[in-house]
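Student: Need a 3D model of the following:
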Amino acid sequence: LQVPRAPSQPLAGSESRRFTSKHSKKALKASLTLGILLGMFFVAWLPFFVTNVAQAVCGCVPAGFFDVLTWLGYCNSTMNPIIYPLFMRDFKRAMGKFLPCCRRPGEPRPSAISLSMRNSNSGPRAITSLKNVL
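Tutor: Have a look, this model is predicted:
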């Protein structure tokens, strides 16, 4: 016979370590992803903003160089959709549902009607909730 443990009792030693280790790995991965995204943002946009201030103060920045730095910042925006799927499984799954190139062979394709009903709050759920309100 096993007696169920009350919720107020602390977790067993190995179970507690496993719980902590699992959440530590998730926190580390989230920190790594955030660090990479912020690092790329600063590498891409900081030169642009520093050059922009220098241009306002002394007017000594060539137009071509300024254009290159602007496009470097635009490239950062292009990199975000690449970085998110590499590091975030949930993002990858969500994109796989809607993009045909990322979908697994066995996954069903969502229909346009179900997507529009889900996004517009119409359909059976909306009617039921409207009846409850009236």
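Student: use CA for all of it now, contacts and neighbours both
Tutor: Fine.
Student: List the contacts of whichever strand or helix holds Ile83.
Tutor: Here Ile83, judged by DSSP states H and E, is contained in helix 63-87. Helix 63-87 is touched from outside by 29, 33, 37, 40-41, 44-45, 47-48, 51-52, 91-92, with contacts defined as CA atoms under 8 Å, 6 or more residues apart in numbering.
Student: And that helix, what's buried?
Tutor: 66, 69-70, 72-73, 76, 84-85, 87 (16 or more other CA atoms under 10 Å).
Student: For the protein, which residues score under the pLDDT cut-off?
Tutor: Applying pLDDT under 70 to the chain picks out residues 1-19, 102-134.
Student: CA atoms of stretch 92-101 as PDB?
Tutor: Presented in PDB, the C-alpha positions along stretch 92-101 are these (Å, rounded to 0.1, in the frame of the first residue of the first chain):
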ATOM      1  CA  LYS A  92       9.100  25.700 -34.400                       C
ATOM      2  CA  ARG A  93       6.000  23.700 -33.800                       C
ATOM      3  CA  ALA A  94       3.700  26.800 -34.300                       C
ATOM      4  CA  MET A  95       5.500  27.600 -37.600                       C
ATOM      5  CA  GLY A  96       5.200  24.000 -38.700                       C
ATOM      6  CA  LYS A  97       1.400  24.200 -38.400                       C
ATOM      7  CA  PHE A  98       1.100  27.100 -40.800                       C
ATOM      8  CA  LEU A  99       4.100  26.900 -43.200                       C
ATOM      9  CA  PRO A 100       4.000  24.100 -45.700                       C
ATOM     10  CA  CYS A 101       7.800  23.900 -45.900                       C
END
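Student: Work out for me the element Met95 sits within.
Tutor: Short version, using DSSP H and E: Met95 is in helix 89-98.
Student: Show me what that helix is packed up against.
Tutor: The helices and strands touching helix 89-98, judged by 3 or more CA pairs under 8 Å, 6 or more residues apart in numbering; DSSP states H and E, are helix 63-87.
Student: and the angle for the helix it packs on with helix 89-98?
Tutor: Angle between the axes of helix 63-87 and helix 89-98 is 90 degrees (criterion: axes from the mean of the first three to the mean of the last three CA atoms, to 10 degrees).
Student: Strands of this protein, start to end?
Tutor: Applying DSSP state E to the chain gives no strands.
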